[in-house]
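[1] Task: produce atomic coordinates for the following.
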Amino acid sequence: MVTVAVYIVSFSIFACSFVVSVISLLIPRWLYFETPRPNKTVTSYGLFKKCSTLVGGCRNFPLEDYGDCNEEGFCDNWSAAIYDLILAAFISTIALLYLFFFVLMPDSSHRTNAWMWATGMFALSAALQTNAIYTIDYLKNNSGMFAYESYDVAFALASSSTILNWVNAAMLGGTGLWLWWKNRRYQRIE
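    Sure thing, here's the model as predicted:
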């Protein structure tokens, strides 16, 4: 059986990863473009907004009215990345609530096999985040809209959250499998 200490460490890592992931969803800083001086302007792209110092504000992004969807499949792919990250955040919320209320509470009967469920949820969340990051990366490298843009803070936050989720899933899954194998190996055969 996986110990409470392992679940606490896993819960803490996943909670930090969840907060970082939600922050990356909300701030409009996935990609940015900065023009050279003397008339320096900065344009930053978030999942939901595009902000520019040239116009002095933000607008929704992508919008067909502004020609953001002129390239075939751009808006569909951008929306798919958004949905992947939102679904990953939803799955993460369920996993955190499950760990907190059913595993970390005293005298919980769910601890024995909870590592399997939690590992699956961590891996599913990480897979959705990975897909979204690769989609944004693909659009950045293959869309004419982002010819000179660079990665920004939210992209780095989402990437670090994804890595934390993969490491956490591997750690909890590996610990659970090792303890399961160890206990099975030493059970008395009657």
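[2] got any ranges where this structure has weak pLDDT?
    Scanning the chain for pLDDT under 70 picks out 1, 107-111, 184-190.
[3] So for the lengthiest helix in it, what gets flagged as buried?
    Secondary structure assigned by DSSP state H gives helix 153-185 as the longest helix of the chain. Within helix 153-185, the residues scored as buried using 16 or more other C-beta atoms under 10 Å are 154-155, 157-159, 161-162, 164-166, 168-169, 171-173, 175-176, 180. Placement of C-beta: from N, CA and C, glycine included.
[4] Setting the sequence-adjacent residues aside, check what's closest to the residue nearest the centre of the chain.
    Geometric centre of the chain, nearest residue: residue 129, 4.0 Å, by C-alpha atoms, centre = their mean. Nearest residue to residue 129 in three dimensions, chain neighbours excluded: residue 162, at 4.1 Å (C-beta to C-beta, 6 or more residues apart in numbering).
[5] Touching, that neighbour and residue 126? I think so.
    Yes: counting by C-beta atoms under 8 Å, residue 162 touches residue 126, with 5.6 Å between them.
[6] hey, where'd the strands end up in the chain?
    Listed in chain order, the strands of the chain (DSSP state E) span 31-34, 42-45, 49-52, 57-60, 150-151.
[7] Give me whichever of these is most buried.
    Sort these by mean neighbour count, taking mean count of other C-beta atoms under 10 Å, and strand 42-45 sits at the top with a mean of 20.
[8] Starting from it, tell me which strands it pairs with and how they run.
    Paired strands of strand 42-45, with direction, are strand 31-34 (antiparallel), strand 49-52 (antiparallel) (DSSP bridges).
[9] Tabulate these (CSV), appending distance to residue 147.
    Below are the strands paired with strand 42-45 laid out as CSV (distance: least, C-beta to C-beta, whole Å):
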stretch, distance to residue 147
strand 31-34, 9
strand 49-52, 15
